[in-house]
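> structural data only, the sequence is not supplied:
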(Lines give C-alpha, C1' and ligand atoms only; values in the text may rest on other atoms or scores of the structure.)
Protein backbone atom coordinates (compact mmCIF):
# COMPACT_ATOMS: atom_id res chain seq x y z
CA UNK A 1 0.00 0.00 0.00
CA UNK A 2 1.25 3.47 -0.84
CA UNK A 3 0.10 7.02 -0.28
CA UNK A 4 -0.44 9.55 -3.03
CA UNK A 5 1.81 12.57 -2.72
CA UNK A 6 -0.23 15.76 -3.18
CA UNK A 7 1.40 18.51 -5.16
CA UNK A 8 0.64 21.08 -2.48
CA UNK A 9 2.96 23.59 -4.09
CA UNK A 10 0.63 24.20 -7.02
CA UNK A 11 -2.74 25.91 -6.94
CA UNK A 12 -4.68 27.86 -9.57
CA UNK A 13 -4.64 30.93 -7.33
CA UNK A 14 -0.86 30.85 -7.14
CA UNK A 15 -0.34 30.13 -10.82
CA UNK A 16 -2.32 33.25 -11.71
CA UNK A 17 0.42 35.34 -10.11
CA UNK A 18 3.61 33.58 -11.17
CA UNK A 19 5.12 36.69 -12.74
CA UNK A 20 2.89 39.38 -11.28
CA UNK A 21 4.81 42.67 -11.10
CA UNK A 22 2.47 45.68 -11.11
CA UNK A 23 3.16 47.94 -14.13
CA UNK A 24 4.96 51.12 -13.13
CA UNK A 25 5.61 49.82 -9.61
CA UNK A 26 8.52 51.19 -7.62
CA UNK A 27 11.51 48.83 -7.92
CA UNK A 28 11.88 46.43 -4.99
CA UNK A 29 14.44 47.36 -2.36
CA UNK A 30 15.20 43.78 -1.26
CA UNK A 31 15.27 40.40 -2.99
CA UNK A 32 14.30 36.99 -1.62
CA UNK A 33 15.67 34.03 -3.56
CA UNK A 34 14.67 30.39 -3.49
CA UNK A 35 17.68 28.05 -3.36
CA UNK A 36 17.20 24.79 -5.28
CA UNK A 37 16.02 25.35 -8.84
CA UNK A 38 16.67 29.09 -8.62
CA UNK A 39 20.25 29.72 -7.46
CA UNK A 40 21.59 26.17 -7.67
CA UNK A 41 20.78 22.73 -9.00
CA UNK A 42 21.85 19.27 -7.88
CA UNK A 43 24.40 17.34 -9.93
CA UNK A 44 23.06 15.11 -12.70
CA UNK A 45 21.64 11.84 -11.45
CA UNK A 46 24.22 9.53 -13.04
CA UNK A 47 27.11 11.46 -11.51
CA UNK A 48 25.25 11.32 -8.20
CA UNK A 49 25.00 7.53 -8.27
CA UNK A 50 28.57 7.01 -9.49
CA UNK A 51 29.95 9.27 -6.75
CA UNK A 52 27.93 7.55 -4.01
CA UNK A 53 29.04 4.12 -5.18
CA UNK A 54 32.66 5.30 -5.29
CA UNK A 55 32.34 6.50 -1.70
CA UNK A 56 31.45 2.90 -0.84
CA UNK A 57 34.43 1.54 -2.75
CA UNK A 58 32.50 0.38 -5.82
CA UNK A 59 33.01 1.49 -9.42
CA UNK A 60 29.86 1.47 -11.55
CA UNK A 61 29.91 1.50 -15.34
CA UNK A 62 27.80 4.22 -16.93
CA UNK A 63 25.08 1.88 -18.24
CA UNK A 64 24.45 0.30 -14.85
CA UNK A 65 24.64 3.69 -13.14
CA UNK A 66 22.11 5.18 -15.57
CA UNK A 67 19.56 2.43 -14.96
CA UNK A 68 20.01 2.68 -11.20
CA UNK A 69 19.84 6.49 -11.27
CA UNK A 70 16.53 6.43 -13.14
CA UNK A 71 15.02 4.09 -10.55
CA UNK A 72 16.30 6.12 -7.62
CA UNK A 73 15.05 9.42 -9.04
CA UNK A 74 11.62 7.87 -9.59
CA UNK A 75 11.59 6.65 -5.99
CA UNK A 76 12.49 10.14 -4.77
CA UNK A 77 15.78 11.99 -4.66
CA UNK A 78 16.70 14.89 -2.38
CA UNK A 79 16.91 17.86 -4.73
CA UNK A 80 15.04 15.96 -7.43
CA UNK A 81 11.38 15.83 -8.48
CA UNK A 82 8.80 14.79 -5.92
CA UNK A 83 8.06 11.05 -5.83
CA UNK A 84 4.66 10.08 -7.14
CA UNK A 85 4.03 7.92 -4.09
CA UNK A 86 5.45 7.49 -0.59
CA UNK A 87 5.26 4.19 1.34
CA UNK A 88 3.09 4.44 4.47
CA UNK A 89 5.99 3.73 6.82
CA UNK A 90 7.68 6.92 5.56
CA UNK A 91 4.58 9.13 5.61
CA UNK A 92 5.42 10.85 8.90
CA UNK A 93 9.03 11.69 8.12
CA UNK A 94 8.05 12.73 4.60
CA UNK A 95 5.53 15.21 5.97
CA UNK A 96 8.18 16.65 8.32
CA UNK A 97 11.14 16.47 5.92
CA UNK A 98 11.59 20.24 5.56
CA UNK A 99 11.14 20.90 9.27
CA UNK A 100 13.75 18.53 10.67
CA UNK A 101 17.21 17.42 9.65
CA UNK A 102 16.47 13.95 11.03
CA UNK A 103 13.20 13.65 9.09
CA UNK A 104 14.83 14.91 5.89
CA UNK A 105 17.53 12.23 5.99
CA UNK A 106 15.15 9.47 7.06
CA UNK A 107 12.65 10.35 4.35
CA UNK A 108 15.12 10.33 1.47
CA UNK A 109 17.26 7.41 2.59
CA UNK A 110 14.03 5.51 3.19
CA UNK A 111 12.81 6.22 -0.33
CA UNK A 112 16.19 5.16 -1.74
CA UNK A 113 16.02 1.89 0.20
CA UNK A 114 12.91 0.93 -1.77
CA UNK A 115 15.27 0.45 -4.73
CA UNK A 116 17.51 -2.63 -4.88
CA UNK A 117 20.82 -1.47 -6.40
CA UNK A 118 21.37 -4.91 -7.92
CA UNK A 119 25.07 -4.73 -7.10
CA UNK A 120 26.34 -7.19 -4.50
CA UNK A 121 29.22 -4.91 -3.52
CA UNK A 122 26.88 -2.09 -2.48
CA UNK A 123 25.87 -2.47 1.14
CA UNK A 124 23.41 -0.49 3.23
CA UNK A 125 25.82 2.44 3.53
CA UNK A 126 25.20 3.14 -0.18
CA UNK A 127 21.87 4.76 0.70
CA UNK A 128 23.51 7.07 3.21
CA UNK A 129 26.21 7.90 0.65
CA UNK A 130 23.48 8.90 -1.83
CA UNK A 131 21.97 11.26 0.71
CA UNK A 132 25.34 12.65 1.76
CA UNK A 133 25.93 14.00 -1.77
CA UNK A 134 23.22 16.62 -1.20
CA UNK A 135 25.10 17.89 1.86
CA UNK A 136 28.40 18.63 0.14
CA UNK A 137 29.37 21.37 -2.34
CA UNK A 138 30.41 18.76 -4.92
CA UNK A 139 26.79 17.64 -5.17
CA UNK A 140 25.61 21.04 -6.44
CA UNK A 141 26.13 23.40 -9.38
CA UNK A 142 25.27 27.08 -9.43
CA UNK A 143 23.42 28.43 -12.45
CA UNK A 144 25.80 30.35 -14.67
CA UNK A 145 24.10 33.70 -13.95
CA UNK A 146 23.76 33.22 -10.18
CA UNK A 147 27.02 34.78 -9.00
CA UNK A 148 26.93 37.72 -11.41
CA UNK A 149 23.37 38.57 -10.40
CA UNK A 150 24.10 38.35 -6.70
CA UNK A 151 27.30 40.35 -7.10
CA UNK A 152 25.44 43.15 -8.91
CA UNK A 153 22.77 43.28 -6.21
CA UNK A 154 25.39 43.27 -3.46
CA UNK A 155 27.37 46.01 -5.16
CA UNK A 156 24.25 48.17 -5.40
CA UNK A 157 23.48 47.68 -1.73
CA UNK A 158 20.30 45.65 -2.33
CA UNK A 159 19.87 43.22 0.59
CA UNK A 160 19.32 39.57 -0.33
CA UNK A 161 17.94 36.60 1.58
CA UNK A 162 17.63 32.94 0.66
CA UNK A 163 14.22 31.46 1.53
CA UNK A 164 14.21 27.69 1.20
CA UNK A 165 12.13 24.66 2.11
CA UNK A 166 15.01 22.44 3.15
CA UNK A 167 16.15 20.08 5.89
CA UNK A 168 19.87 20.88 6.09
CA UNK A 169 22.26 23.82 6.27
CA UNK A 170 23.13 25.25 2.85
CA UNK A 171 25.62 27.82 4.15
CA UNK A 172 28.72 25.65 3.61
CA UNK A 173 27.55 24.87 0.08
CA UNK A 174 27.06 28.45 -1.06
CA UNK A 175 30.27 29.51 0.66
CA UNK A 176 32.23 26.84 -1.19
CA UNK A 177 30.67 27.98 -4.47
CA UNK A 178 31.84 31.53 -3.89
CA UNK A 179 28.72 33.53 -3.07
CA UNK A 180 28.19 33.13 0.65
CA UNK A 181 29.38 36.70 1.26
CA UNK A 182 26.79 38.01 -1.21
CA UNK A 183 23.84 36.84 0.91
CA UNK A 184 22.57 38.83 3.88
CA UNK A 185 20.19 36.33 5.48
CA UNK A 186 19.17 32.67 5.38
CA UNK A 187 15.59 31.73 6.13
CA UNK A 188 15.54 27.92 6.06
CA UNK A 189 12.35 26.03 6.84
CA UNK A 190 13.95 23.56 9.22
CA UNK A 191 15.38 26.45 11.26
CA UNK A 192 12.30 28.70 11.39
CA UNK A 193 9.63 26.00 11.58
CA UNK A 194 7.63 27.25 8.59
CA UNK A 195 7.54 26.10 4.96
CA UNK A 196 6.53 27.84 1.76
CA UNK A 197 3.75 28.56 0.82
CA UNK A 198 3.09 29.63 4.43
CA UNK A 199 3.19 33.43 4.41
CA UNK A 200 5.08 33.45 7.70
CA UNK A 201 8.33 32.28 6.13
CA UNK A 202 8.30 35.25 3.76
CA UNK A 203 7.51 37.60 6.61
CA UNK A 204 10.48 36.20 8.55
CA UNK A 205 12.71 36.88 5.55
CA UNK A 206 11.53 40.46 5.17
CA UNK A 207 12.05 41.06 8.88
CA UNK A 208 15.56 39.61 8.64
CA UNK A 209 16.37 42.15 5.91
CA UNK A 210 14.60 45.01 7.66
CA UNK A 211 12.14 45.76 4.86
CA UNK A 212 8.33 45.67 4.70
CA UNK A 213 6.95 42.89 2.46
CA UNK A 214 5.67 45.36 -0.13
CA UNK A 215 9.29 46.42 -0.74
CA UNK A 216 10.50 42.86 -1.37
CA UNK A 217 10.57 40.70 -4.49
CA UNK A 218 10.50 36.91 -4.14
CA UNK A 219 12.31 35.06 -6.95
CA UNK A 220 11.75 31.34 -7.31
CA UNK A 221 10.80 28.54 -9.65
CA UNK A 222 7.51 27.22 -8.21
CA UNK A 223 4.05 28.37 -7.23
CA UNK A 224 5.08 27.92 -3.59
CA UNK A 225 7.58 30.73 -4.15
CA UNK A 226 4.96 32.89 -5.84
CA UNK A 227 2.84 32.45 -2.70
CA UNK A 228 4.93 35.31 -1.29
CA UNK A 229 2.18 37.54 -2.66
CA UNK A 230 0.07 36.36 0.30
CA UNK A 231 2.53 38.13 2.58
CA UNK A 232 2.41 41.29 0.46
CA UNK A 233 5.62 40.68 -1.51
CA UNK A 234 5.91 40.78 -5.27
CA UNK A 235 6.94 37.60 -7.07
CA UNK A 236 8.94 36.62 -10.13
CA UNK A 237 9.24 32.99 -11.28
CA UNK A 238 12.13 31.71 -13.36
CA UNK A 239 12.29 28.41 -15.26
CA UNK A 240 14.06 25.47 -13.65
CA UNK A 241 17.05 25.10 -15.96
CA UNK A 242 19.72 22.47 -16.35
CA UNK A 243 22.51 22.43 -13.81
CA UNK A 244 25.22 24.95 -14.67
CA UNK A 245 23.20 26.69 -17.40
CA UNK A 246 21.76 30.21 -17.34
CA UNK A 247 18.50 30.49 -15.42
CA UNK A 248 17.17 33.91 -16.36
CA UNK A 249 18.20 35.50 -13.07
CA UNK A 250 19.61 38.48 -14.92
CA UNK A 251 16.05 39.73 -15.38
CA UNK A 252 16.00 40.48 -11.65
CA UNK A 253 18.47 43.28 -12.28
CA UNK A 254 16.05 44.90 -14.70
CA UNK A 255 13.23 44.62 -12.16
CA UNK A 256 15.37 46.37 -9.56
CA UNK A 257 16.44 49.10 -12.01
CA UNK A 258 20.07 47.93 -12.13
CA UNK A 259 20.12 46.97 -15.82
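Looks like it came in fine. All figures in this text were calculated on a predicted structure; none of them were measured in a lab. Numbering: from 1, shown residues only.

> other SSEs contacting the helix ranked longest in the chain?
Longest helix in the chain by number of residues (criterion: DSSP state H): helix 62-75. Helices and strands touching helix 62-75, as assessed by 3 or more Cβ pairs under 8 Å, 6 or more residues apart in numbering; DSSP states H and E, comprise helix 45-55, helix 101-112. Where you see a C-beta, it was placed from the backbone N, CA and C, and this is true even at glycine.

> buried set for the first one?
Neighbour-count burial for helix 45-55, counted by 16 or more other Cβ atoms under 10 Å, picks out 45-53.

> which pair in those has the greatest spatial separation?
45 and 53 (12.7 Å; Cβ to Cβ).

> shaky segments in this protein?
1-24 (pLDDT under 70).

> picking that back up, can you put the buried residues of helix 45-55 in TSV and add distance to residue 120?
Shown next, in TSV, are those (distance: Cβ to Cβ, whole Å):
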residue	distance to residue 120
45	22
46	21
47	23
48	21
49	16
50	17
51	20
52	16
53	12
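
> wait, which of the residues you listed is closest to residue 239?
The closest of the buried residues of helix 45-55 to residue 239 turns out to be residue 45 (Cβ to Cβ; 19.3 Å).

> identify the residue nearest that closest one in space, chain neighbours excluded?
Once flanking residues are discounted, residue 45 sits nearest to residue 69: 3.9 Å by Cβ to Cβ, 6 or more residues apart in numbering.

> residues touching that neighbour, list them.
45-46, 48-49 (Cβ atoms under 8 Å, 6 or more residues apart in numbering).

> try it again with 10 Å
44-50, 52, 60, 62, 77, 80, 130 (Cβ atoms under 10 Å, 6 or more residues apart in numbering).

> which one of the buried residues of helix 45-55 is nearest to residue 167?
When the buried residues of helix 45-55 are ranked by distance to residue 167 (Cβ to Cβ), residue 48 comes first, at 17.5 Å.

> pretty sure the closest one contacts residue 55?
No. Under the criterion of Cβ atoms under 10 Å, residue 48 is not in contact with residue 55, lying 11.0 Å apart.

> now do the shared contacts for these two.
Both residue 48 and residue 55 are contacted by 129-130, 133, under the criterion Cβ under 10 Å, 6+ apart.

> from those, which land in helices?
129-130.

> out of the shared contacts of residue 48 and residue 55, who's nearest residue 31?
When the shared contacts of residue 48 and residue 55 are ranked by distance to residue 31 (Cβ to Cβ), residue 133 comes first, at 28.6 Å.

> once you drop chain neighbours, what's closest to that closest one?
Closest to residue 133 by Cβ to Cβ, 6+ apart is residue 139, at 3.9 Å.

> how close does that neighbour get to residue 92?
Residue 139 is 26 Å from residue 92, where distance means Cβ to Cβ, to the nearest Å.

> who's more crowded, the two?
A direct count of neighbours by other Cβ atoms under 10 Å for residue 139 and residue 92 places residue 139 higher, at 21 against 12.

> so how far is residue 222 from that one?
According to Cβ to Cβ, residue 139 stands 21 Å off from residue 222.

> need the contact list for residue 253.
Applying Cβ under 10 Å, 6+ apart, we find residue 253 in contact with 31, 145, 148-149, 152-153, 156, 158, 259.
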